[in-house]
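Student: mind folding the following:
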Amino acid sequence: VGVDENIFGVSDVAQNFFNTGILGAIITTILGSISWQLVASAFPIEFLSNPLVYVLLSWCLFLEATGICAGAWFLAMIQKSVMGFQYDEAYIGTPEERAAKELGDDPDALDKMLHLGTNVVQNAPGGDLSKQYQSLAKQMVNFTNRRSVLLENIKNCREQLKAATTKEEKAVFQNSLDMELRSLEQLNADQKELEDSMHGDAAPEEENA
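Tutor: Numbers count the residues shown, from 1 in each chain. This next block holds a predicted model:
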């Protein structure tokens with residue numbers, strides 16, 4: 001096909017297929033894009049710790065900062081106008097509306113979808129929504145239970161500290177005691193913040209009433 005001989009001596013049909021450029025596009029997509037995405041998805045920490053990846057990422061961010069890729073936003077605006085896309089709230093409601101209708105996020109959804117990919121998600125989006133809209137009484141019970149556990153741990157640490165005989169043992173139990181005391185202080189601060197926020201939300205409602 002053409003002036004020169006077919007590459008590797010293949011038939012004209014195969015050469016015509018090569019000339020389409022499809023094989024080059026497939027190889028470029030696999031080696032230059034998908035394979036790296038799979039590696040980054042399965043091993044994100046190791047991938048980003050690679051110095052070469054850091055250099056390439058910095059270069060990509062530089063190109064993005066130049067605005068050379070900003071045309072994609074213009075095309076996205078056109079697509080949004082043509083297709084009529086809207087934010088998620090237009091279809092499923094705001095978090096407050098979903099909570100009022102008892103349509104909050106499934107707290108077990110993360111465990112159910114772990115088999116769908118290689119990513120290890122720390123918290124599903126909106127995962128604390130059910131806790132955020134719990135009644136104040138339930139949250140107070142939770143604080144009480146956590147405080148009871150911390151107080152018991154503090155008591156045990158003090159007993160172990162008193163019974164310790166070596167400097168190393170005393171240092172370990174003193175460190176544990178300090179950590180439990182800091183946790184108790186943080187718990188008290190969280191409870192106070194919650195109570196203040198609940199009272200702050202209730203005040204406008206009383207004024208409106």
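Student: which secondary structure element of the chain has the lowest mean pLDDT?
Tutor: helix 129-132 (a mean of 50; mean pLDDT, DSSP states H and E).
Student: that helix: what's the following helix or strand?
Tutor: helix 136-163 (DSSP states H and E).
Student: chain center to that next one: distance?
Tutor: 30 Å (CA atoms, centre = their mean, to the nearest Å).
Student: now swap in stretch 169-180 and tell me
Tutor: 33 Å.
Student: just stretch 159-177 next, same as before
Tutor: The answer for stretch 159-177 is 38 Å, by CA atoms, centre = their mean.
Student: then it to CSV, C-alphas only?
Tutor: Written as CSV, here are the backbone C-alpha positions of stretch 159-177 (Å, rounded to 0.1, in the frame of the first residue of the first chain):
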residue,chain,number,x,y,z
GLU,A,159,-3.3,3.2,89.6
GLN,A,160,-0.7,1.8,87.2
LEU,A,161,1.5,4.9,87.6
LYS,A,162,1.4,4.6,91.4
ALA,A,163,2.4,0.9,91.2
ALA,A,164,5.2,1.4,88.6
THR,A,165,8.7,0.7,89.9
THR,A,166,11.0,1.9,87.2
LYS,A,167,11.4,5.2,85.5
GLU,A,168,10.5,3.7,82.1
GLU,A,169,7.3,2.3,83.4
LYS,A,170,6.4,5.6,85.1
ALA,A,171,7.1,7.5,81.9
VAL,A,172,4.9,5.2,79.8
PHE,A,173,1.9,5.4,82.2
GLN,A,174,2.4,9.2,82.7
ASN,A,175,2.2,9.6,78.9
SER,A,176,-0.9,7.4,78.7
LEU,A,177,-2.5,9.5,81.5
